[in-house]
Every structure is written in C-alpha cells, then in structure tokens.
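Chemist: got a predicted structure plus its sequence, pasted below:
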Amino acid sequence: QDSHSLFGALFDTPASKRVVPVLVPLPVPEAYSYAVPEGMAVEAGSVVQVPIGPRQHIGVVWDEPEVRDNQKALDPKKLRAIDQVFDCPPLTKDMREFIEWVSAYTLSPPGLVARMAIRAPAALEPEPMIEALRFTGGEPDRVTPARQRVLQTLEDDIPWTRSGLAHAAGVSLSVVDGLVKQGLFETVFLPPPPVVAVPDPDYVAPRIDGPQKQAASELVEAVQTAGFSASLIDGVTGSGKTEVYFEAIAEALRLGKQVLILLPEIALTSSFLERFQDRFGAKPAEWHSDLAPRMREKVWRGVVTGEVRVVAGARSALFLPFEELGLIVVDEEHDPAYKQEDRIFYNARDMAVVRARIGKFPIVLVSATPSVESQVNGQSGRYHVVHLPTRFGDAAMPDLHLVDMRRHPPAKGGFLSPVMLRAIGKTIEKKEQALLFLNRRGYAPLTLCRVCGHRFQCPQCSSWLVEHRFRNQIQCHQCGYSEKTPEACPECGTFDHLVACGPGVERIAEEVERHFPDARTIVMSSDLLGGVKRMRLELEAIAKGEADIVIGTQLVAKGHNFPLMTLVGIVDADLGLANGDPRAAERTFQLLSQVTGRAGRTGLKSYGLLQTYQPQHPVMQAIASGDASAFYEREIGEREKALLPPFGRLASIIVSADTRLDAETHARGLRNAAPKMSGVTVLGPAEAPLAIVRGRHRFRLLVHGRRNSDMQGFLRAMLSSGPKARGSVQVQLDVDPQSF
Ligand code: ADP
Ligand code: ZN
C-alpha cells in the first residue's frame, strides 16, 4: 500500500535485474530509468504506470530495453520500479520514431509530444462486456399478460439486455426480474458495440469519370505501390477533389490499411461525414477537441486496436497511435488552422508528411489553393501533382469582379457599395442566396470617444476592444476580456459620444437589414452562436435555402456546399493585406479564392464581387483574372529572391515576462548567446507584433537561415548557452512560424 510514497517502490519491488527508459508526459528532456519488477513483461512501446515523486504517471517504455549502455551501469536496486503495465497494444516503433522526430524538429520535450499520443489509464481499460439474458426455455409458474408479452418478444434465440427486453415488451423491469428468478434465462456476455460501423470500400461503385477518374487512378496506383509517396491534388473549388481522394481511401481499405483524413475545421464538417457515409456506407470516426471525453476514449481505443478503420480529424488526430496506418489525406492543406501555436508549435500538414515517410506509406495533400511550399514541392517533383482544372458537372466558376471603392463609394455611414447592394437585390429577387464575407467578428473593430479621442484598449493586452452590439459588450479578441459597453467615456466623462470605427459582421448585418428588411439574414460568426451544434444546424439551414443573405466570417469560407449560393460579396478584400507579413499575399489569395468558391457549385450562374481600394494589387488581379498560376509564379519568385520559406528557413523566439524590462533583457541575452554559424542570422530582439498579451510583455527574435542550414542545431546551442528562463520569463520557440 505504501507504493505511492516516495520510497515505497524501493522496498516493495523484489530484486529485479532489468532497467528500461520510460518516457513520461512531462516537460523533461529525456526518458527516466526504471527497474522492471521480476516477472513483469515489458517491451519497447509498452504503456506503463510509474512513480515520480509522490505521484503516479502514465508513461511509455522507450527505446529497445537493454540497448542503452549507460543504463546497464545503473543499479536496478537503486531505481524505482514500474508499477503496472497496461493491457493495450504497445506504441509502434514508427510512432516512437515519429514522436522523437517531432520533438527534435520543434525542440519540444519528447514527453510533451508523447502526451498527444497516449491517454489516461481509463481509456486503456477494455470496454466492459454487456450483460445480457438468453432464454433457455421452460414455463413460468404463472402466466400473466405482462409475462406473456415478454415471452412473445423472446421469439428468437437472441439475447437481450434486461432493460432492453423490458422496454421492447413494454413491461416494468420487475416483470423481467420475476422471470429471471424462475430460472428461465441464462446470463451471457456480449461484446460492446463498435464505436463506428466499418466502412466498406465497395459500398457503392466509384462515382467518377473523365478527369476525376484519371486523377483517381494515379492516386490509387500510389496507394498500391509500397513505400512513401506524396501527391498533391490541385483542383479548383468544386472540381470534385473529395470524390477523387475517396478512391484512394477505398483502395487503402481494400489493402487492409487504416486511413486518417485531416480536416482544418472538423467541427463544421458534418456534411463531409455524410458524404463519406454515402460512399462507404458508414461514417468515419471523428477526432477533435469538441468530442465528449467518453467518445474520445472509445475512438482512441478503437484506433489502437484496429477496430476503427478511418478517422476524420483535426490536427491532433495526427498523433493517434494507429496500428496499421496506410494513408493520410490532408484536405485544405494550405489552411492556417493546421498550425498549432500552443505549447508544441507544429504544422500538422508538414508533420503528416513526416509520419507518412517514417511509416513508408502514401500521403495525399488536397487544395484549391495549395500553399507556396507545396507548389514548390510539386514543381521540383518531390510531390506528384494531380490537376483538376474545371468544376464538376455543369457548374462553372463564378464570374469575379473587382469593385473599385474609390469609384463606387458606399453611402455615408455604410460599407457596401451601391454596386454590391444592387447585386444582392437581384440575387434575392431570383430566390437565390448571397453571402457577404468579412473576416471580423463583432460590430466595430475600434470604439473611440468623439469628444476626447479616447480609444478603448484591453487592460491586459496591446489590442483595442471590439464592440459586440448583440451582446452589449466590448471584448478583447486576444484574451477574451470583456466589459459592458460603457455609456460614458472613462476619460472625459461625456455621455453618448462613442463612435464605432470600421465594420464587423454585426454592423454589416445592420446595413443589410436596413436595405433589405424583408430578407431572411443569418450572421455566422463563432461568438454569436451556441457552439458547434448550433453552427451545424445553421449551416444545414443555409444549405436548405432557409436564408436569403448570409453574413459571415471565415467560418463560412470552408468546404461547405450551399446549392443556392450564387453571389459572394467580399466586404473588404484588402483586409488581410494590411499587416506587414510576407505571407499576407498568399493568405489573402487563398482566403478570397476559397470564399468566392462557395458560389455557383450546382450549375447556377454565379458571381463574386470584391470590394477593394487597391484593384491593381497582384492579389486582386490574380483573383479577378482567375490566373492562379501567374500569381504563384510571382509569389514563388519573390520568396526565392528574399530567401524566404521554402527557400530559406525561419524560426521565431518569443520571450515574454511580467515586465517589459525582463522580457527585453532575456531576449538580448539569448541574442548574445547565438553561436556563429554561416548562413544563419538573428534579427531583433524587437517588440513582438502583439507587444502585450494577458499582461505579459513580449519580445521577439527572428532567426533566418539558408535552406540547408542546421536551424535546430543553432537554436539548441543558443538556448543552452544563453540565460536560463527564471521568474516570470518564458521562452516560446516556433520553428517555421506562420507569420514573420
Ligand atoms: P471540391 O472538394 O473539389 O471542392 P467536391 O468534391 O466537394 O469538390 O465536389 C463538388 C460538388 O460536385 C459536390 O456537390 C459533389 O457532390 C459533386 N461531385 C463531385 N464529383 C462527383 C461525382 N463524380 N459524381 C457526382 N457528384 C460529384
Ligand atoms: Zn486582452
């Protein structure tokens, strides 16, 4: 009983001779050594429970036992012992290698990476068998009408659970219990029901033809070929990319492989799950942060045991310990949502390629607007590119036009050009739908006092408070701080002199309602709705034509099929270009293509209107002309000239602390510790783009390296010889930052 105390394990372990390293899910630099008690069978990958200090932790036996010389030298008697081995399949060698790789690449402690792959002990317990009753024959002493109903229900020999039987027969539990007492049943145990039904690759015949068929056969061939390969499906919105990669998935299933589909916004993709079901007769298992804990455990166990064959998930699904993973599909591979910027900074798209390489199986990246990185990999032949240049069926791409806001300005106090308003009017007259896109939540991005000019700023961050009129609040979009919208200016005390500057979706909705009071409008924005469930319902309603005008943020930009949507209006096409980020052009191009791609997916004539103050900008020109390749060529050329990714390497180091001085001093210290390495330079420290977040001051160092430089080696040297983070100082390392 004492094994939970600090020294317990030393005493209650019989003499053991083996020592193994165990990786625990904590921010420590390496695995710890543990003694293996006599008679306990562990192998590399075994999931175990070990003591650390006064507490028990789950961990994974790392490395092949007994291979590490330094561990042979350790005296098992002086080590604490493994407590328990869980009865679940060990983490595969590929998975362990993958965890090591991600840890080394992102410079994160391996235990924290492993934490994403293992679960708490509850999930490791096998699902309990279900207790059921099987009728063994015989007559009850007395046949009442209720008992008669039970006996009739029992006609065939199939076992029932106690409550299931009572329910089916329409009697109370005590009636069933009475019959059990008379010995008419035996107790049997049934296996628990599967988490999800098993998808059938041949549930329906492939539904493809022409260019889709050609594309699919190339992918199927990649799946049939042993070993790693990477393919990129580059096809316009609505070209039928999903149907094409379904064929690759079908082939992987026929070969007995598990399949992982990564989606950027899984919570919003119920329509995807249904499409999958139409093709394969069963839905894939889902994996995302919104899953109920019980379901998470079930899916995790199903993946480990091989019961679950296909998972559709958000980026974290990449760390599920599949037993027989044989194909990964990354849909919308360009999407910034694949980048995790929290604790472990990694891009799931890039790490998915690594996982496929280690596992020696194919990966398929999919996008209408591939990332510059993937384009370059396609051009160099590292990725096999499959093109789908036209939309499926009779659907044509929308007619795209720029609205030059200098020539067609909105009415005073409004944000929609008369051109846009006319187009909306015509669309809803035809009983079709219009989507107005503005990537800004709330009513107005900035509120100020007309009398003294006071701006409302977050007390904890260096960002302005955003007015949310529906909620009567002003909110910080950085940290979530909110307060009731003040009636008077806190600076000069004047009442009713606050002005909203600029538009958010709520303000556009107000303008739309003024112009089209009879239209049914829906605002889609993450903060207006009651969670994912409500959002899914709203999306279904839009798809069914139950709205005339939708006003939304990027929530509505991705993946949805709205059959009646024939007009997409971009309220502020220049919005994403404003910041100084070199990736801004790429991002804006992708987002605008994605959003306008919502229009006309079912063959109706459709339009996209983009309100802009800089119609000559290359991004606007590329969108309006539909010439994506010219845009990419130019963008790739500029990156190459400036040695920006993928032609050079970047890492960002954010140092934060409670005071500005501490943050800056530490950042300088790191900079001074930078080793000399040819081709690598350090820029900064400078105030980070968000200088204060949640009361913490932030400074940033940017490390730039040539393509083949040893960035990780450089960073490791710099961090190990630089000052150690003390007190409130924290250092965040982001290899391949999204914005730079
Ligand atoms: P993408 O993923 O390229 O945007 P989708 O796969 O969503 O395109 O296809 C666009 C639309 O065309 C969808 O409504 C889809 O159901 C339909 N579609 C695509 N391919 C086929 C096909 N082979 N048979 C029937 N419908 C298809
Ligand atoms: Zn804040």
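Modeler: In hand now; what should we look at? Ligands and ions are numbered 1, 2, ... in the order given.
Chemist: hey, let's count contacts and neighbours off CA atoms from now on
Modeler: Will do.
Chemist: show me which residues of this protein sit near ligand 1.
Modeler: Of all the residues in the chain, those in contact range of ligand 1 (CA under 6 Å from any ligand atom) are 207-208, 235-243, 392.
Chemist: looking at the residues you listed, which are in helices?
Modeler: Secondary structure defined by DSSP state H assigns 241-243 of those to helices.
Chemist: give me the phi and psi for the nearest residue in space to P418 that is not next to it in sequence.
Modeler: Sequence neighbours aside, P410 is the residue nearest to P418 in space, at 6.2 Å (criterion: CA to CA, 6 or more residues apart in numbering). P410 has phi and psi values of phi -70, psi 160 when expressed as degrees, to the nearest 10.
Chemist: let's number from 413 now, not from 1
Modeler: Got it, first residue is 413 now, which makes that one P822.
Chemist: P822 against M832, yeah?
Modeler: No: counting by CA atoms under 8 Å, P822 sits too far from M832 to count as a contact (9.2 Å).
Chemist: residue ranges with poor pLDDT in the stretch 813-962 of the chain?
Modeler: Across the stretch 813-962 of the chain, the ranges flagged by pLDDT under 70 are 940-942.
Chemist: and the helices in the stretch 663-812 of the chain, which stretches?
Modeler: For the stretch 663-812 of the chain, the helices identified by DSSP state H, counting those that start in this stretch occupy 682-692, 705-717, 760-771, 784-791, in order along the chain.
Chemist: what score does the spatially most central residue of the chain have for pLDDT?
Modeler: To find the centre residue of the chain, average its C-alpha atoms and take the closest one (CA atoms, centre = their mean): that gives A726, at 3.3 Å. For A726, the model assigns a pLDDT of 94.
Chemist: hmm, P801 is touching V648, no?
Modeler: Yes: under the criterion of CA under 8 Å, P801 lies in contact with V648, with a separation of 5.8 Å.
Chemist: more crowded one of these two?
Modeler: A count of neighbours by other CA atoms under 10 Å puts V648 above the other of P801 and V648, at 22 against 14.
Chemist: how close does the more buried one get to R1013?
Modeler: As for V648, its distance to R1013 is 11 Å (criterion: CA to CA, to the nearest Å).
Chemist: again with F804
Modeler: Relative to R1013, and taking CA to CA, F804 is found at 9 Å.
Chemist: with R803 instead?
Modeler: Here the distance between R803 and R1013 works out to 8 Å (CA to CA).
Chemist: who has more neighbours out of the two?
Modeler: Relative neighbour count places R1013 above the other of R803 and R1013, with 27 against 20, counting by other CA under 10 Å.
Chemist: the more buried one sits in which helix or strand?
Modeler: Element membership of R1013, judged by DSSP states H and E, is empty: it is in no helix or strand.
Chemist: sorry, back to before: which one's more surrounded, P822 and M832?
Modeler: M832 (23 against 16).
Chemist: contacting residues around the residue nearest to the centre of the chain?
Modeler: Neighbouring residues of A726 by CA atoms under 8 Å, 6 or more residues apart in numbering: 674-678, 699-700, 750.
Chemist: which SSE is T978 in?
Modeler: T978 is part of strand 977-982 when elements are defined by DSSP H and E.
Chemist: now that strand, how far from the centre of its chain.
Modeler: Taking CA atoms, centre = their mean, to the nearest Å, the mean C-alpha location of strand 977-982 is offset from the chain mean by 27 Å.
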